[in-house]
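Colleague: the following block contains a protein sequence and its predicted model.
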Amino acid sequence: MPEPPPQPQPQPNEPEGAVAGTGMGGGMDLAASEASTLEPASHGPDGPAGSAATGAPGPQDRPRSLWSDAWRDLRRNPVFLLSALVICFLVLIAVWPSLIAPGNPLRCDLARAQDGPRPGHPFGYDGQGCDVYTRTVHGARASVTVGVCATAGVAVLGSVLGALAGYFGGVWDAVLSRVTDIFFAIPVVLGGLVLLSVVTSNTVWPVVGFIVLLGWPQISRIARGAVITAKQHDYVQAARALGASDTRILLRHIAPNAVAPVIVVATIALGTYIALEATLSYLGVGLKPPSVSWGIDISAASPYVRNAPHALLWPAGALAITVLAFIMLGDAVRDALDPKLR
Amino acid sequence: MGRYIARRLLQMIPVFVGATLLIFLMVNVMGDPIAGLCGERACDTATAAQLKREFGLDKPLWQQYATYMGNVFTGDFGTAFNGQPVTELMATAFPVTIRLTLVAIVFEVVIGITLGVVTGLRRGRPVDTAVLLGTLVVISVPTFVTGLLLQLLLGVKWDWIRPSVPPEATLDELIVPGLVLASVSLAYVTRLTRTSIAENRRADYVRTAVAKGLPRRRVVVRHLLRNSLIPVVTFIGTDIGALMGGAIVTERIFNIHGVGYQLYQGILRQNTQTVVGFVTVLVLVFLVANLLVDLLYAVLDPRIRYA
Amino acid sequence: MRARTRVTWALGVVAAVLPLAACGSGVGAAGGSVLSSSWGDPQNPLEPANTNEVQGGKVLDMVFRGLKRYDPRTGKAENMLAERIETSDSRNYTVTVRPGWRFSNGEPVTARSFVDAWNYGASLRNNQKNAYFFGYIEGYDKVHPDTGRQTANTLSGLKVTGPRTFTVRLNQKFSSFPDTLGYAAFAPLPRTFFTHHKAWLDKPVGNGPYTIESYTKGAQMYLKKWNGYPGPDKARNDGVTLLVYTDSNTAYTDVLAGNLDLVDDIPAGQLKNVHSDLDGRYINTPAGILQTLAFPFYDKAWNTDGARKVRTGLSMAINRAQITRTLFRGTRTPATDWTSPVLGTDGGYKAGLCGRACEYHPAEARKLVQEGGGLPGGQVRITYNADTGSHKEWVDAVCNSINNALGNDHACVGNPVGTFADFRNQISRHRMAGPFRAGWQMDYPLIQNFLQPLYYTNASSNDGKWSNKDFDRLVDRANAETDKAAAIVLFQQAEGVVRDNMAAIPLWYQNGSAGYTDRLHDVALNPFSVPVYDEIRVG
């Protein structure tokens, strides 16, 4: 790469120097037109007047802030509606699996092990001769609970601690970040064997708690980085100059601008947490047998992928759809929260 | 800046002590490791007692920790149950793992950021959808399966690679393992970059740059990408530790005797000396990586300053 | 500005370098008539009396020869270094060592080589995990007391009486003692083992058909044929490279790709396609391993007469034939007694000794469990360790079989324990609440080894603390019996006591399995499921 020519140009990192000091509020029409061409799914440009005021510094007179506007946007976003539909369906079968799979997931006949589909058993049989369809449907409860609750817990705990560290800096940052470092040092296998082996409960909650405990440092660092970036923006400085409280600045000005990376990491982590549950169960410290979950079925089918790929593909497919739904949901929420889209 | 770094380096001391103590306690809580040494039978009581004495397990915990830390400062990390000094294990495990991690990170950076930029600029287009599908596959199919299938395809059917990595493990032999190891992280990096790019491409400075008639490439790389990298850099910083210490499955499939494998074995055999030793080094790696990430923030966004 | 440029530049270089480095190199298996074979990292230093698992045993089997050797095919103990072992009372033995044997460093193998080695193995201060093998020799309680310091350094029962002769006095009658002497712990050791111990550990020196040429801990060992080997079983290849694999799947794939010659553990997931993958270069031979379910007899609920019926019922609820066929694809055989087919019928193996109790009769099983007062606690939890072997699969299959037979989804569940050490801890602390996995790999091919360590009162591997006077008496009588055939009949009677009480549920006999490339010929596994390396021909 050649050295850039020394012509006078605005520092790319200091856009405010070149454009108006109002932050992202400036150049509204441009933003709107660009958004509409590039973002056909998003209906951001509706009601520009309302949104324009939203992001502006110090709108103390408008209690209906960005968040409610975001919700209005979301309701009209087909991507959001589709993902919400899928998630509702997942929740439905998690609560009431026998609705679409009346069979018993624990009823297995070794004589049928690894057999392909047959009438009444559309997904075939797994290595133990259990019906893959029934197990996939019944596995939703444990897997969706672990995935969603662990992700929610990690995201909330991680973002709060990360935001505090990033926003206040100094001692806050030093203490919180070093605690994060210590948690990073705990190997998952060791943590699982130590913390979960003493638990006798037969529910998913110890597993969820464990994942939150070891998972928050990652989100925390992501959130910290995002907050550090966001707090440099002029509108934050302006809000502070206008006397806004820290809470207000954090929630109203920084959070919407820092939430994107957290959403991205959280939605992908959701899938990996579902898989992590299987690792823990394999070590005998996760869900106690005879639990049914996608993770357990995926890891049981993995060694046999050459001979019975169907036993792997269906639960893995269910996991993929779940992750997809949450990624789409995350994308839609992020778009709705993005002030630049207005 | 110099003072900031000095302060950060000083902060490593409490983290170091805290982490080693925590790990030390955790391994000890797991119980008596001697029982696992005699195969499918009970160790006779005399030998068990003798072994405990030899590994110092008969002493109170605080004393064990004090002795251990004292030894660590003289460079003695103790011995594993097979009689090998832990430093020897580290000397064979860390170089391989560092190379593997390096390959994985290069993949994350090169492929992940490229795909992220492409999909970020072309949201909703076929290429975006294709990358999303790839992401889903990577998340939902276990590494074990990806690795196994790649081995059979590339190693046996097409004969492009050796299915297992020989002990010397040179960089070129680590390409496929590195890719497998990086796969899930790739998903993160791609989507993080994509989101940042999509967010920032409507920023004022980008429009200014475009309006000034700068070449598109230049706008993307210099203006757009640089401002979008902070979350990506943060993620990669947190990922280094996971890649180094947690590559258990990848290392197993490709027969790499690296840190993940030694750590896993150490944990399963409850060998305090191995586990604490390896984690100690890993903690130092996290700390340095995190420091570098924080310094990179300032490089990527000059408004961020450290006093 | 400068820093930024440098970052982009660095990215560009890395991107440019990567494709260059990407080219596969097929470093084939070692050349000449040297073969490569899969190996696992030995868990203990490679001292003969300290090696209690197969991977270390594999090496010892190549670099050591003892007084006896078990025939790789029949498992019979045959004289190797022993010229003769004589006794008149099954208690005092005189051993004469054959002349002309040497260690690979030139030192002759004498009576002292054995006596010193055994004294070392028995001595408490040396921490040898197989020390208990010397427990039959008089004076063991002095050199290896249960508590406190040892009061002697040598076994009083061992006496060197000449350059090639020594005597052994046992602390009880034990007629099959000579047949135990093929076990690795009884191997002779050269002087350098004692004088330069550390150097010896780095590169063990023995008297077997191979010498250790190089050893990189955790990675590989190269064993070269010893041309001066005086024994009859000279190596038929030039050497063996043992490569450490952490996953048998990788080793298997490497055999398919031609990078490895021999894998001696075929992963379960590949058994279905092994015949087509390897075109018949797959062997599956019985090994002296029996899998059982043991019970906690220290728990009152399991130590009643009703519980005996429950145990028998559970045994009849397990469809062994189906599990061994479907899950193990013939690498296990349904067990019908408590020994192993590798003993041979004249060695004490008796097919069908278990009778109906080891066959699948679901209706009868349900009836027996009901008669016995139902399952203790309403549910059986089969405890196993999750970190080694793939026990989860068969435990799940056994539970499914029991659940189906008893018509109750929750009659049986698996109870994984994270680590082997924790599993052993829970066993030794008597924390088992139900049946638990018990695998027994024989030390030497004798019926005594399948019964006494497992079911004799307070024996070393009697994990369930089962105790039965009739059984103990029969074993004592069998050990004292000088006539082999008569001793075996007594052992089988003792085994009958185990059956009548269903002290443990026998599941299946385990086979050894191996796959190899077309470079190799005459590949076989011995009854310890270790490849007979010296017989393998390359090319």
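Modeller: Here it is on my side, so go on.

Colleague: return the helix or strand of chain B with the lowest mean pLDDT as CSV; C-alpha atoms alone will do.
Modeller: None of the helices or strands of chain B scores lower by mean pLDDT, DSSP states H and E than helix B:45-54, at a mean of 82. Provided in CSV are the C-alpha atoms of helix B:45-54 (Å, rounded to 0.1, in the frame of the first residue of the first chain):
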residue,chain,number,x,y,z
THR,B,45,-3.1,-47.8,50.5
ALA,B,46,0.6,-47.7,51.1
THR,B,47,1.4,-46.8,47.5
ALA,B,48,-1.4,-44.2,47.4
ALA,B,49,-0.1,-42.6,50.6
GLN,B,50,3.5,-42.6,49.2
LEU,B,51,2.4,-41.0,45.9
LYS,B,52,0.4,-38.4,47.8
ARG,B,53,3.5,-37.6,49.8
GLU,B,54,5.6,-37.3,46.7
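
Colleague: continuing past it, what's the next helix or strand?
Modeller: Following helix B:45-54 in sequence order, the next helix or strand is helix B:61-73 (DSSP states H and E).

Colleague: quick one: whatever helix or strand comes next after that next one to helix B:61-73, angle?
Modeller: Helices and strands here follow DSSP H and E; after helix B:61-73, the next one along the chain is helix B:86-107. If you take axes from the mean of the first three to the mean of the last three CA atoms, to 10 degrees, helix B:86-107 sits at 70 degrees to helix B:61-73.

Colleague: mind checking if helix B:86-107 is in reach of chain A?
Modeller: No. Using CB under 8 Å from any CB of the partner chain, helix B:86-107 stays clear of chain A, with a minimum separation of 13.7 Å. All C-beta spots, glycine's among them, are computed from the backbone N, C-alpha and C.

Colleague: how about A:Ala325, secondary structure?
Modeller: helix (DSSP: H, G, I helix; E, B strand; the rest coil).

Colleague: so what's it up against?
Modeller: A:83, A:86-87, A:90 (CB atoms under 8 Å, 6 or more residues apart in numbering or on different chains).

Colleague: show me what contacts the residue nearest to it when sequence neighbours are not counted?
Modeller: Nearest non-adjacent residue to A:Ala325, counting by CB to CB, 6 or more residues apart in numbering or on different chains: A:Val86, 4.0 Å away. By CB under 8 Å, 6+ apart, the contact set of A:Val86 is A:321-322, A:324-325.

Colleague: 10 Å instead, please
Modeller: Applying CB atoms under 10 Å, 6 or more residues apart in numbering or on different chains to A:Val86 gives the contacts A:321-322, A:324-326, A:328-329.

Colleague: also C:Gly228?
Modeller: C:102, C:104, C:106, C:211, C:234.

Colleague: equivalent analysis for C:Asp305, please.
Modeller: By CB under 10 Å, 6+ apart, the neighbours of C:Asp305 are C:372-373, C:501.

Colleague: so which of the residues you listed sit within strands?
Modeller: When DSSP state E is applied, those are split such that none fall in strands.

Colleague: among those, name the buried ones.
Modeller: Among the contacts of C:Asp305, the ones that count as buried by 16 or more other CB atoms under 10 Å in any protein chain shown are C:372, C:501.

Colleague: dump the contacts of C:Asp305 to a markdown table, plus pLDDT.
Modeller: Shown next, in a markdown table, are the contacts of C:Asp305 (pLDDT from 0 to 100):
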| residue | pLDDT |
| --- | --- |
| C:Gly372 | 93 |
| C:Gly373 | 92 |
| C:Asn501 | 94 |
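
Colleague: quick one: which of the contacts of C:Asp305 is nearest to B:Ala42?
Modeller: C:Asn501 (21.9 Å; CB to CB).

Colleague: ok, back up a step: state the distance from the residue nearest to A:Ala325 to chain B.
Modeller: Counting by CB to the nearest CB, to the nearest Å, the gap from A:Val86 to chain B is 13 Å.

Colleague: am I right that that residue is in a helix?
Modeller: Yes. Under three-state DSSP, A:Val86 falls within a helix.

Colleague: look up how far chain C lies from it.
Modeller: Look at A:Val86 and chain C: by CB to the nearest CB, they are 31 Å apart.

Colleague: how about whichever residue of chain B sits closest to chain C, what does it touch?
Modeller: Proximity of chain B to chain C (CB to the nearest CB) peaks at B:Gly36, 2.9 Å away. By CB under 10 Å, 6+ apart, the contact list for B:Gly36 reads B:43, B:81, B:268-271, C:43, C:385, C:387-388, C:419-425.

Colleague: and for the closest residue to it other than its chain neighbours, the neighbour number?
Modeller: Excluding the flanking residues, the one nearest B:Gly36 by CB to CB, 6+ apart is C:Ala421, at 2.9 Å. Per other CB atoms under 10 Å in any protein chain shown, the neighbour tally for C:Ala421 reads 23.

Colleague: go ahead and confirm C:Ala421 touches C:Asp387.
Modeller: Yes. C:Ala421 is within contact range of C:Asp387, at 9.0 Å (criterion: CB atoms under 10 Å).

Colleague: how about the contacts of A:Ala325, which pair is most distant?
Modeller: Pairwise over the contacts of A:Ala325, using CB to CB, the maximum falls at A:Ser83 and A:Leu90, 10.4 Å.

Colleague: residues that sit against both of these two, list them.
Modeller: A:325-326.

Colleague: between the contacts of A:Val86, which is closest to chain B?
Modeller: Once CB to the nearest CB is applied, the member of these that ends up nearest chain B is A:Leu324, at 5.6 Å.

Colleague: restricted to buried residues, select the contacts of B:Gly36 in ChimeraX.
Modeller: In ChimeraX, this line selects whichever of those come out buried by 16+ other CB under 10 Å:
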select /B:43,81,268,269,270,271 /C:43,385,387,419,420,421,422,423,424,425
